[in-house]
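J.: Pasted the sequence and its predicted model underneath.
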Amino acid sequence: MAGRTNHADWNAGQTRRLSESEAKGDETMMTIGTTGKKLRAARERAGLSQGDLAEAAWGERARQSEISRIEAGKEIVLGTLRRLAEVLGVDPGTLI
């Protein structure tokens, strides 16, 4: 199996789960252990609270709980990750 990637090794130290609908873009759900930490760091660098980020991203402070879940390492929709990255002025890839 020379040249083939061992996915267990590739994912070592990182939790990653993509749904069956991985190819569906914005509807894809994933859990990535470090994404929440990276999102929190980017949010704090921007000087925003979770509520401030929710307001900037969706015009609703009530969605702060969604940001809290993401930062806690829960599932996230890729479209949400893209939107939060846009508001924070970072490339979405830097949060994964």
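T.: Good, I have the coordinates.
J.: Now do the longest helix out of those in the chain: everything it contacts.
T.: Counting residues, the longest helix found in the chain (DSSP state H) is helix 33-45. Applying Cβ atoms under 8 Å, 6 or more residues apart in numbering, the contact partners of helix 33-45 are 14-16, 49-50, 53, 67, 70-74, 76, 81, 84-85, 88, 90, 94-96. Every residue, glycine included, has its C-beta placed from N, CA and C.
J.: Give me the buried subset of those.
T.: 50, 53, 67, 70-71, 76, 81, 84-85, 88, 90, 95-96 (16 or more other Cβ atoms under 10 Å).
J.: What segments of this structure are strands?
T.: Ranges of strands within the chain are 16-18, 29-32, 76-77, based on DSSP state E.
J.: Can you tell me which of these has the worst average pLDDT?
T.: For the strands of the chain, the weakest mean pLDDT is recorded on strand 16-18, namely a mean of 43.
J.: so where's the chain shaky on pLDDT?
T.: For the chain, residues meeting the criterion pLDDT under 70 lie at 1-33.
J.: how about the helices in it?
T.: Going by DSSP H, the chain shows helices at 7-10, 33-45, 50-58, 64-71, 78-88.
J.: buried sites along the longest helix of the chain?
T.: Across helix 33-45, burial judged by 16+ other Cβ under 10 Å covers 35, 36, 38, 39, 40, 42, 43.
J.: The second one and residue 43: what is the separation?
T.: Spelled out, that is residue 36. 10 Å (Cβ to Cβ, to the nearest Å).
J.: Over to residue 66?
T.: From residue 66 to residue 43 the distance is 13 Å (Cβ to Cβ).
J.: Alright, that wraps it up for me.
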